[in-house]
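>>> Need a 3D model of the sequence below.
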Amino acid sequence: MNRIYSLKSNVEIEKIVKAKQSVGNKYYAIYYQKTDGFKVAVSPSKRFKTAVERNYEKRVSKEILRPIIPNLSGLKLLLVIKPTVRELDFAQKKEQIIFLLNKIKKEKT
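Take a look at the predicted model:
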């Protein structure tokens, strides 16, 4: 994923969480806020055993989001990855993330 889409400011991330707009399931939680551009922050849970696992899940999630960025304009997202995601393979992870993003689109309209 390109760096221009990264959401790095802690202040902005706190605003997204405080807006209390979220969708989630057993594997992921997505906090979102409507804006003009697109920004995303990916945050794995600290309950992953090692940094290697956390970084792997971040890479996989960003790779899943990369091709669907044009469809997500107008949102700031915080994607929280839960430790139960280790049970899934890549295709299932992609399916879960897309399912949650479609829920956000339905709520947005």
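>>> Which helix or strand contains Ala29?
Taking DSSP states H and E as the criterion, the element that holds Ala29 is strand 28-34.
>>> could you say what helices and strands the worst-scoring helix or strand of the chain on mean pLDDT packs with?
In the chain, the helix or strand scored least confidently by mean pLDDT, DSSP states H and E is helix 10-18, which has a mean of 87. Under the contact definition 3 or more Cβ pairs under 8 Å, 6 or more residues apart in numbering; DSSP states H and E, helix 10-18 sits against strand 28-34, strand 75-81. Every residue, glycine included, has its C-beta placed from N, CA and C.
>>> If I look at Leu72, what pLDDT would I see?
If you check Leu72, the pLDDT there is 82.
>>> and what of Thr50?
Thr50 is assigned a predicted lDDT (pLDDT) of 90.
>>> what about it, distance to Ser43?
16 Å (Cβ to Cβ, to the nearest Å).
>>> what about the two, which has more around it?
Under the criterion of other Cβ atoms under 10 Å, the comparison of Thr50 against Ser43 puts Ser43 first, with 15 against 8.
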